[in-house]
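J.: Need a 3D model of the sequence below.
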Amino acid sequence: MASVAAAQRQGREFRRLNKTLEEVRIIVRGGVYQLDRPLFFSPEDSGNDTRPTVIESAPNEWPVLSGGVVVKGWRKLTEEIAGLPASSKGQIWVAEAPLFDGKTVKFRQLWINEWKAVRAREPNGENMERIISWSPDKKEICIPVAIGTVIRNLSGIEMTIIQQWTIAVLRINSVRVEANEVCVTFHEPESKIEFEHPSPKLTSKTAFFLANAAAFLDKPGEWFQTPDGRILYWPRSNEDLTKAKVVIPALDTLVQISGSLDRPVEHITFKGIKFSHTSWMRPSEFGYVAEQAGMYITNAYKPTPAGTPEDAKLDNQEWIERPPAAVSASGAHHIRFEHCRFEHLASAGLDFVSGTHDDVIEGCVFRDIGGNGIQIGSFQDGHGVDNNIPYNPADERKICTRERIANNLVTDCTNEDWGCVGITVGYGRDIVIEHNEINNLSYSGISLGWGWTSKPNAMRNNKIHANHIHNVVQRLTDGGGIYTLSSQPNTVISENYIHDISPGQWAHNRGLWYYVYLDEGSNFMTVRDNWCPEEKFFKHQNGPNNKWDRNGPTVAKSIQDNAGLETPFRDLLLDKTQ
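T.: This is a model prediction of the structure:
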């Protein structure tokens, strides 16, 4: 058949018309399957434990489910484009953005032969500037005049700022030039959120960069989309745009698995499938102010005087949402992802949202992802409930339970939203995270827990075991190789190999990081036999019932040897497939 959706429908109809639960196996040949809408799996697609529904690659082939569209018709730019720097003259190529669903595609990512190009920014590369001052009353930030004067007569520019363990993307609204500085204000809703949310706060040395202006298109590998939809790109020396495959994303989600608590989707397996080219336009449309781990704030303020009915001392109220994922599952049981690849994605890779249990993610690669690689469980998101109230659903079937994440390579995630995490779990129960290789991340490697509370909540019996975590917390601060929150009875962190953590030069406090970081409310946990080159741990407002035993450089070398991918999966470290 011509598409996965058509084959899926045929399998569903076969079961319905024949009133039998035979195995449905969809074998997908190699190549790119461009989706015009997400593949939707409902309870009618369910199998059972002996006759599952399987979507798998043909032997030795890589089928790609893509949310992107190809950009064609590239030519050398000959007309004048307002704002382009003199250095770009004769270097820029241009193409019309393609249509998707009858509309010109707006986007924040562009891939040239599977390499992600750079959205035009200033300063270039990993360089940043620092703000001079900020005023919550005026809701403005003042920046050095040298970079600020460039934006006086431009629109659509964004300021991305580091806020200790998160970032914010703020759309510039107005510019006021002073003698030695330029003061800018921002659009709503992000302006109100940024200046009213209690934590983390701006400081006079907060680092930032600017993006999204033709004036910043001054280096090979950078691109800019004009307001009328044209795409400008300065090719690198090894790129020929008459032959290159150029892709921009159009869909936020590629696969949606949606059941209910009473009628779940069950026993579906994905094998050897690649999920690629997703979009996420919220920062362009509404700005973006994050709380932590990519969960973004929709409203926040400091109540005066302090106190709520649930907490007489609470001085911080927030309401949050979760970012979208390429593959999302709710009300789903016994879902498996084996030897799949999640690559070239704007936001999260794979998300088990709520009402899921007994699912497996094993032998997969999560690479070149803007946000979290894997996210699981409630973050008290999307319910209209204050983020500080512990999650204790009356119907415990809502809790994500008995999920296994094992033998996966999680690398080069968090490369746009620097405050995201390789693997993040909110209010999860009986979650097993073991034998994963996790590296090259802007913030923490594994984050387990939510809520900043020692009060009883939905979490317990979680396990983080024998993971190899290194080269994380590379851009931000106040994070760790393994980071936890809140009370989690019978949770064990054991035999992990953690090393090479060093925040970048623009972090607020380059020394504020830890190999294992038990943050607010962490309680009833055991931390044992984790190898790291020094005993750099943190216990911040923990409960009295945590047990620490044999952690640091004296732990047996066998812990290092056994951590990370198990032998049958170590070929993932050698795989260069893009």
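
J.: quick one: contacts for residue 514?
T.: 480-481, 536-538 (Cβ atoms under 8 Å, 6 or more residues apart in numbering). The way it works is simple: take the backbone N, C-alpha and C, and place the C-beta from them, glycine included.

J.: let's see 6 Å
T.: For residue 514, the contact set (Cβ atoms under 6 Å, 6 or more residues apart in numbering) comprises 480, 536-538.

J.: By neighbour count, which of those residues wins?
T.: residue 480 (27 neighbours; other Cβ atoms under 10 Å).

J.: Would you report the backbone torsion angles of the residue nearest to residue 81 when sequence neighbours are not counted?
T.: Spatial nearest neighbour of residue 81, chain neighbours left out: residue 214 (5.6 Å); criterion: Cβ to Cβ, 6 or more residues apart in numbering. Dihedral pair for residue 214: phi -60, psi -30, per degrees, to the nearest 10.

J.: isn't residue 214 right next to residue 88, touching?
T.: No. Between residue 214 and residue 88 there is no contact under Cβ atoms under 6 Å: 8.7 Å.

J.: So for the protein, the centremost residue is which one?
T.: residue 371 (1.7 Å; Cα atoms, centre = their mean).

J.: quick one: it and residue 278, what's the gap?
T.: Distance of residue 371 to residue 278, computed by Cβ to Cβ, to the nearest Å: 10 Å.

J.: And for residue 101?
T.: In terms of Cβ to Cβ, residue 101 sits 15 Å off from residue 278.

J.: For those two, work out which one has more neighbours and name it.
T.: Per other Cβ under 10 Å, whichever of residue 101 and residue 278 has more neighbours is residue 278, with 29 against 9.

J.: Please give me every residue in contact with the more buried one.
T.: 67, 249, 252, 326, 345-346.

J.: just residue 163 next, same as before
T.: Here residue 163 is in contact with residue 200 (criterion: Cβ under 6 Å, 6+ apart).

J.: so what's it bridging to?
T.: In this entry, residue 163 is beta-bridged to residue 166, by DSSP bridges.

J.: Redo the contacts of residue 514 as JSON lines? Include pLDDT.
T.: Conversion of the contacts of residue 514 to JSON lines gives the following (pLDDT from 0 to 100):
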{"residue": "480", "pLDDT": "98"}
{"residue": "536", "pLDDT": "98"}
{"residue": "537", "pLDDT": "98"}
{"residue": "538", "pLDDT": "96"}
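
J.: which one among these gets closest to residue 313?
T.: residue 538 (22.8 Å; Cβ to Cβ).

J.: Give me the three-state assignment for the closest one.
T.: What DSSP: H, G, I helix; E, B strand; the rest coil gives for residue 538 is strand.

J.: wait, it sits on residue 517?
T.: Yes. Contact status for residue 538 versus residue 517: in contact at 4.8 Å, counting by Cβ under 6 Å.

J.: Going by neighbour count, which residues of stretch 190-197 are buried?
T.: Neighbour-count burial for stretch 190-197 flags 190-191, 193-195, 197 (criterion: 16 or more other Cβ atoms under 10 Å).

J.: farthest pair in those?
T.: 191 and 197 (11.3 Å).

J.: and residue 285, how many neighbours does it have?
T.: Residue 285 has 10 nearby residues by other Cβ under 10 Å.

J.: try residue 447
T.: Residues near residue 447, counting by other Cβ under 10 Å: 27.

J.: Who are the contact partners of it?
T.: 293, 421, 424, 483.

J.: for the residues you listed, which one is nearest residue 266?
T.: Nearest member of the contacts of residue 447 to residue 266, counting by Cβ to Cβ, is residue 424, at 25.1 Å.

J.: Quick check, residue 452 in contact with residue 520.
T.: Yes. Judged on Cβ under 6 Å, residue 452 makes contact with residue 520 at a distance of 4.2 Å.

J.: hey, what's in contact with both of these two?
T.: Contacts common to residue 452 and residue 520, judged by Cβ under 6 Å, 6+ apart, are absent.

J.: Identify the bridge partners of residue 224.
T.: residue 232.

J.: How about residue 184?
T.: Going by DSSP bridges, residue 184 forms beta bridges with residue 141, residue 175.

J.: Please report phi then psi for residue 547.
T.: Dihedral angles for residue 547 - degrees, to the nearest 10 - are phi -120, psi 120.

J.: residues in contact with it?
T.: Taking Cβ under 6 Å, 6+ apart, one finds residue 526 in contact with residue 547.

J.: Tell me the spacing between it and residue 492.
T.: From residue 547 over to residue 492 (counting by Cβ to Cβ), the distance is 9 Å.

J.: what do those two both touch?
T.: In contact with both residue 547 and residue 492: residue 526, using Cβ under 6 Å, 6+ apart.

J.: mean confidence score for the strand ranked longest in the chain?
T.: The longest strand of the chain (DSSP state E) is strand 325-338. Strand 325-338 carries an average pLDDT of 98.

J.: strands paired with the next helix or strand after it, and their directions?
T.: Going down the chain from strand 325-338, the next helix or strand is strand 341-345, by DSSP states H and E. Within its sheet, strand 341-345 is paired with strand 274-278 (parallel), strand 365-369 (parallel), according to DSSP bridges.

J.: how about these in TSV, adding distance to residue 38 and mean pLDDT?
T.: Shown next, in TSV, are these (distance: least, Cβ to Cβ, whole Å; pLDDT from 0 to 100):
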stretch	distance to residue 38	mean pLDDT
strand 274-278	10	98
strand 365-369	18	98
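
J.: quick one: contacts for the residue nearest to residue 81?
T.: 81, 83-84, 224.

J.: Residue 133: which of those is nearest?
T.: residue 83 (27.5 Å).

J.: Apart from its chain neighbours, what residue comes closest to that closest one?
T.: That would be residue 214: by Cβ to Cβ, 6+ apart, it lies 3.9 Å from residue 83.
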